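Colleague: The amino acid sequence is not available; the structure is as follows:
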């Protein structure tokens, strides 16, 4: 007897799932009902994971999932499940670990076949139609004729997956020394590309957290060579096609070594982190290029990725329709020479040198991706033009090209809102306000913070992960708590509104109750109130986004200072110590942990500013890059541990403390800076 299934994705809200809602495949969403169906019918599960902006996901959909012959094979032999990895990072993480164990690498689309109980037996990433059909046929046959072979393999693989995220308790005394960090950086530096920045390889990912740590480390150790390398990387990324030279904002990564041709999708989390990074880099160097990058990126976010209620969308697709009406990667962003000549007219010669409409900027099919090679000073010198005129011309070019580009069909938007990514962008806006003082940036940050408070925070203290069409859904993951606490702490430091600080503490306490693992001293990725998967993973290696555990450890370090809380203090220290044995061999995978280690290996300052002018003095203090401090402040009497008994109605005083010992208070910001930068 055959069962008639239908494509159930039509009832979902995820743009990625809706992209597949009209495939002839009987897709189901990941839920208890679907998983129960696989067990009842004793059928293998075919799990396919991707996200809306993923180019190769679209290619595989077109080649295989839209093909009726492929669909027939899938529908007959499998319970087919489609997952948006951004909605369900927990599912993605478990099965990505499995694919990496099976094949040695991972990526998206990710396709996995599991037993009816969800334990994986086979997997990979993108498959051509013939390979896909062949693999499905072989596994179906094996399951029918010799299922015990698959069960035996599933047992072994399950053991392997469970051991991947096991963090051993480090019984050594927690000792965090600068020598340890220096050795890790020295080993890492062997991979540096000193021509184009980044690492000596392609594709090149921006990895903002890596450069944020290296920026701080180089500054705190006065390592000029390392400072030059970080600035080279930031300059080349800003010059590259990976930064949208016309509309602002960064793509996800560059396929080549010179940051030229991006994988054209634009993700919210990259842009949020890069705004924070370039803002801090500007604070040190006062390089106008960095300021422009921040301003143009935030203008892009405001224009393209912000909702009415202050929430942020997730991503813009790499693909858009070209002039022939076909979906093509980068079609929205690239230019041919004739088009540019017509649009730019008399200025074309200067324009083509500035943006390399030549062999350096040529991509494929006679298309150019705009890329800079020279700084403004050398262009000015060569073309005998002054800076003011060049800036005018550049603004004019951008305006012309933006208008022309807006007539093209825009890339598809993934309009779901994720709490974790929103918090990352909120932190970006807050950091931009801290450095540049633009009140619009703070307004956007506060609006988004209130969106999270009013919409994503539930009465029981938990967070939702997802929001779409006015509805919040999916129980939050550790990444939602960690990034929100981090963003709220930044908001507190810039507004002195204690609701942000107190909510950060409450969220940390919630995470202890629902996510903490006594054995490893770290936090699980999923809440203990969620349905269990093959394994409950612990996310502790920093990647394109830092690990939720490294962000959490940093949060607890700060909260321990704000609330003078021993539990937070020892947990942060234990977390760092337990991860420490892995850190030296692969520093780039632990850069956020290394950043936390700098808080222990160098002096870390508590700055308490109390009095009617507290906010102005904080704004003044923030004009200097001081990464090894936190700020507490109040314009009135306050009982917070760092502020208690420090209010003086007649003047505003600044207390600089380290290791619970405070210097005499000063009233001038310049004097406070001297105490902090000794």
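Modeller: Ah, there it is. Just so you know, these numbers come straight off a predicted model, no measurement behind them.

Colleague: continuing past the top helix by length along the chain, what's the next helix or strand?
Modeller: With secondary structure taken from DSSP state H, the chain has its longest helix at helix 387-406. Following helix 387-406 in sequence order, the next helix or strand is strand 413-414 (DSSP states H and E).

Colleague: Can you show me the strands along the stretch 351-500 of the chain?
Modeller: 367-368, 413-414, 417-418, 464-468, 471-475 (DSSP state E, counting those that start in this stretch).

Colleague: Could you do the stretch 1-150 of the chain as well?
Modeller: In chain order, the stretch 1-150 of the chain shows strands spanning 27-28, 44-50, 78-84, 110-114, 120-124, with DSSP E, counting those that start in this stretch as the criterion.

Colleague: Next, format those as JSON lines and append mean pLDDT.
Modeller: Below are the strands of the stretch 1-150 of the chain laid out as JSON lines (pLDDT from 0 to 100):
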{"stretch": "strand 27-28", "mean pLDDT": "98"}
{"stretch": "strand 44-50", "mean pLDDT": "97"}
{"stretch": "strand 78-84", "mean pLDDT": "98"}
{"stretch": "strand 110-114", "mean pLDDT": "97"}
{"stretch": "strand 120-124", "mean pLDDT": "94"}
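
Colleague: can you put these in JSON lines and add mean neighbour count and distance to residue 284?
Modeller: (C-beta placed from N, C-alpha, C; glycine too.) Below are those laid out as JSON lines (neighbours: other Cβ atoms under 10 Å; distance: least, Cβ to Cβ, whole Å):
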{"stretch": "strand 27-28", "mean neighbour count": "24", "distance to residue 284": "50"}
{"stretch": "strand 44-50", "mean neighbour count": "25", "distance to residue 284": "39"}
{"stretch": "strand 78-84", "mean neighbour count": "25", "distance to residue 284": "39"}
{"stretch": "strand 110-114", "mean neighbour count": "24", "distance to residue 284": "39"}
{"stretch": "strand 120-124", "mean neighbour count": "22", "distance to residue 284": "44"}
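
Colleague: Of all the ones you listed, which one is nearest residue 559?
Modeller: strand 78-84 (32.2 Å; Cβ to Cβ).

Colleague: Given the closest one, what are its sheet partners and their directions?
Modeller: Within its sheet, and counting by DSSP bridges, strand 78-84 is paired with strand 27-28 (parallel), strand 44-50 (parallel).

Colleague: returning to what we had before: winner for burial among the strands of the stretch 351-500 of the chain?
Modeller: Each of these was scored by mean neighbour count; the highest is strand 417-418, a mean of 28, by mean count of other Cβ atoms under 10 Å.

Colleague: mean confidence for that one?
Modeller: Mean pLDDT, strand 417-418: 98.

Colleague: same check, this time on stretch 456-463
Modeller: 97.

Colleague: Report the buried residues of that stretch.
Modeller: 456, 457, 462, 463 (16 or more other Cβ atoms under 10 Å).

Colleague: swap in stretch 49-67?
Modeller: For stretch 49-67, the buried set under the neighbour-count rule, 16+ other Cβ under 10 Å, comprises 49-61, 63-65, 67.

Colleague: Now render the strands of the stretch 351-500 of the chain as TSV, adding distance to residue 207.
Modeller: Formatted as TSV, these follow (distance: least, Cβ to Cβ, whole Å):
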stretch	distance to residue 207
strand 367-368	27
strand 413-414	22
strand 417-418	20
strand 464-468	24
strand 471-475	27
